[in-house]
Structure formats: C-alpha cells, structure tokens
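1. predicted model, plus sequence, below.
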Amino acid sequence: MKLSHLPARVTAGALILNAGLDIRKLPEEAAAGMQDMGANGVPPVKKLSPRTFRETLSRSEVALGAALLTPFVPSWVAGAGLAGFSGALMAMYFRTPEMTKEDGIRPTEAGTPIAKDIVMFGTGVTLVLDDLLSKK
C-alpha cells in the first residue's frame, strides 16, 4: 500500500467498520426501514428478511472496513469494494425522490447524509486508478 493511500483508507475504513458494528445492534424494525431504503438502490435486498438483511449488511461493512484498514490488501481491491459499496448508496440516493430536489441531483435535507457518500465513491475510484496506473 502506498503511503499516500493511508489517509483515505484509514478514514473510510474506520467509518465503515464502525457503521457495520453498529448495524449489528439494530432492532428488527429499524433494519426493516433501512432495508426499504436500500431496496431503492439494490432491489433484490427486498427479498431478504430484515434480520438477514441486517446481518448481511453488517458483515459486508465490517469486511469492507477491515479490507480498507489492512495494509496487505491491495489498494485497487479495497478501492473497488469501496466504489461498489458507495455506488449502491448513490443508486439508492438517486432512486429515492425524497432525497433529491426537483432536478434529481441536488440533495434535499433528507438526502444530504447519503449525498455525502459520493466522496467515498470518488475515494474508491481514486484508489483503484492510482494503484493500477502506477503499475504501468
């Protein structure tokens, strides 16, 4: 891992790892609400039970956070995971009308917390591109 990747990987990794650990503790009703929102971006998650959704999301976030924090995981691998994860969040954002203003792009107050996740998408793509292009 490049030293220049360290700040991006540590900050994103710690944030996602913490979120994954917190999701483990969600009550089933809260997990069901989160699942409904998530189904806007990734429709197949609606087929899961709220418990299975919560456990899958928690484990996925813990694994992604750990990958970002682990130095021997190549940056392109960790970045691809981050871009995929945040890409799904962005799909949810753009497919949930309450999250965007009339133009379908700018966030409403309800959409601002998710809209900020576009930074993670950019970070993931940057890690992938920098790692792959520097090997040429």
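-> Alright, I've got the coordinates.

2. can you pull out the helices in the protein?
-> Across the chain, reading from the start of the chain, the helices by DSSP state H fall at 6-23, 28-41, 50-69, 75-95, 112-115, 118-133.

3. so which of those is nearest E102?
-> helix 75-95 (13.6 Å; CB to CB). Glycine gets a C-beta too; all of them are placed from N, C-alpha and C.

4. what's the angle from the closest one to helix 28-41?
-> Relative orientation of helix 75-95 and helix 28-41, computed by axes from the mean of the first three to the mean of the last three CA atoms, to 10 degrees: 90 degrees.

5. and helix 75-95, what does it pack onto?
-> Applying 3 or more CB pairs under 8 Å, 6 or more residues apart in numbering; DSSP states H and E, one finds that helix 75-95 makes contact with helix 6-23, helix 28-41, helix 50-69, helix 112-115, helix 118-133.

6. residues touching it, excluding its own?
-> By CB atoms under 8 Å, 6 or more residues apart in numbering, the residues outside helix 75-95 that reach it are 1-2, 5, 9, 12-13, 16, 37-38, 40-42, 60-61, 64, 67-68, 70, 99-100, 104, 107, 111, 114-115, 117-118, 120-121, 123-128, 130-132.

7. please pick the buried ones from those.
-> Taking 16 or more other CB atoms under 10 Å as the criterion, what is buried in these is 1, 5, 9, 12-13, 16, 37-38, 40-41, 60-61, 64, 67-68, 99-100, 107, 111, 114-115, 117, 120-121, 123-128, 130-131.

8. could the helices and strands packed on helix 75-95 go into a markdown table alongside mean pLDDT?
-> What follows is the helices and strands packed on helix 75-95, written out as a markdown table (pLDDT from 0 to 100):
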| stretch | mean pLDDT |
| --- | --- |
| helix 6-23 | 96 |
| helix 28-41 | 93 |
| helix 50-69 | 97 |
| helix 112-115 | 92 |
| helix 118-133 | 94 |
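
9. any chance of TSV for those, columns distance to S75?
-> Formatted as TSV, the entries for the helices and strands packed on helix 75-95 read as follows, by distance: least, CB to CB, whole Å:
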stretch	distance to S75
helix 6-23	7
helix 28-41	25
helix 50-69	9
helix 112-115	25
helix 118-133	4
